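**Q** Starting from these lines, generate the structure:
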Amino acid sequence: MTTKDIDESVSTELNRLRESIDNIDAAVVHMLAERFKCTQQVGHLKAAHHLPPADPARESRQIARLRQLAENAHLDPAFAEKLLNFIVAEVIRHHERIAEESATGQDA
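**A** This is a model prediction of the structure:
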């Protein structure tokens, strides 16, 4: 069966749901962009005060917090943790780059 063989009412509902998914995806991207703007500021603050790029205690607290939020939202906590770990790894990479640029006198 192809999508052109689907009943029109099903096709309409499928399109409506897909439009919602597209809107949610756009919102997620914009929220991540805002998050990274904040973490860039954190990276500059850490570099200026010679703080390490990673903060394992903070990361542990965030994982526990996010897992609880995921459970409350009926989302798989393991998935939420994997997503946060992916994001945090990227943030740490940014913080390391900012620290290196700060140490060599380059602008980030």
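**Q** can you give me how far stretch 13-30 is from the chain middle?
**A** Put simply, stretch 13-30 sits 17 Å off its chain's centre (Cα atoms, centre = their mean, to the nearest Å).
**Q** For the protein, give me the ranges with low pLDDT.
**A** Residue ranges of the chain with pLDDT under 70: 1-4, 107-108.
**Q** switch the cut-off to 50
**A** For the chain, the stretches with pLDDT under 50 are 108.
**Q** Give me the longest helix you can find in it.
**A** Using DSSP state H, we find that the single longest helix of the chain is helix 8-48.
**Q** Show me what it is packed up against.
**A** In terms of contacts (3 or more Cβ pairs under 8 Å, 6 or more residues apart in numbering; DSSP states H and E), helix 8-48 is packed against helix 77-103. Heads up, the C-betas are built off the backbone N, CA and C, glycines and all.
**Q** How far away from the center of its chain is the helix it packs on?
**A** 10 Å.
**Q** Stretch 94-108 now?
**A** Remark: stretch 94-108 is offset 22 Å from the chain centroid, using Cα atoms, centre = their mean.
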